[in-house]
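Trainee: following is a predicted model, sequence given first.
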Amino acid sequence: MVSVAKEFGESDMISAAEVAHMLGVKYKTILMWTQRGKFPVHSWKIGGRRKYSKAEVEKYLETIKTGDFSVDNVGK
């Protein structure tokens with residue numbers, strides 16, 4: 001099994017607070033969306049903290065801007 005840090009690169013992993021800042025919401029909102037399965041970006045617990053792929057968050061932001069919510073463009 002390949003570790004998440006090796007697969008994505010530690011520099012590509014960002015915290016819920018960083019995701020929240022990018023989206024303009026509170027970090028607790030991101031955690032709630034993740035817990036409820038409403039946030040279409042993969043996340044992992046690393047060192048007891050939830051981490052997200054920065055590239056996926058950026059892709060999600062682009063999806064929001066363009067309005068293209070197809071499965072191919074969100075969470076992949």
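Mentor: Received the coordinates, thanks. Because the structure is predicted, anything quoted here is derived from the model rather than measured.

Trainee: so where's the protein uncertain?
Mentor: 1-11, 69-76 (pLDDT under 70).

Trainee: which parts of the longest helix belonging to it are buried?
Mentor: Counting residues, the longest helix in the chain under DSSP state H turns out to be helix 54-66. Buried residues in helix 54-66, counted by 16 or more other C-beta atoms under 10 Å: 54, 56-57, 59-60, 63. All C-beta spots, glycine's among them, are computed from the backbone N, C-alpha and C.

Trainee: quick check: the farthest pair among those residues?
Mentor: Greatest spatial distance in those: Lys54 and Thr63, 14.8 Å, computed using C-beta to C-beta.

Trainee: return the closest of the buried residues of helix 54-66 with respect to Trp44.
Mentor: Glu56 (11.4 Å).

Trainee: residues contacting the closest residue to that closest one other than its chain neighbours?
Mentor: The shortest distance from Glu56 to any non-neighbouring residue, by C-beta to C-beta, 6 or more residues apart in numbering, is to Val41 (4.5 Å). For Val41, the contact set (C-beta atoms under 8 Å, 6 or more residues apart in numbering) comprises 19, 52-53, 56-57, 60, 75.
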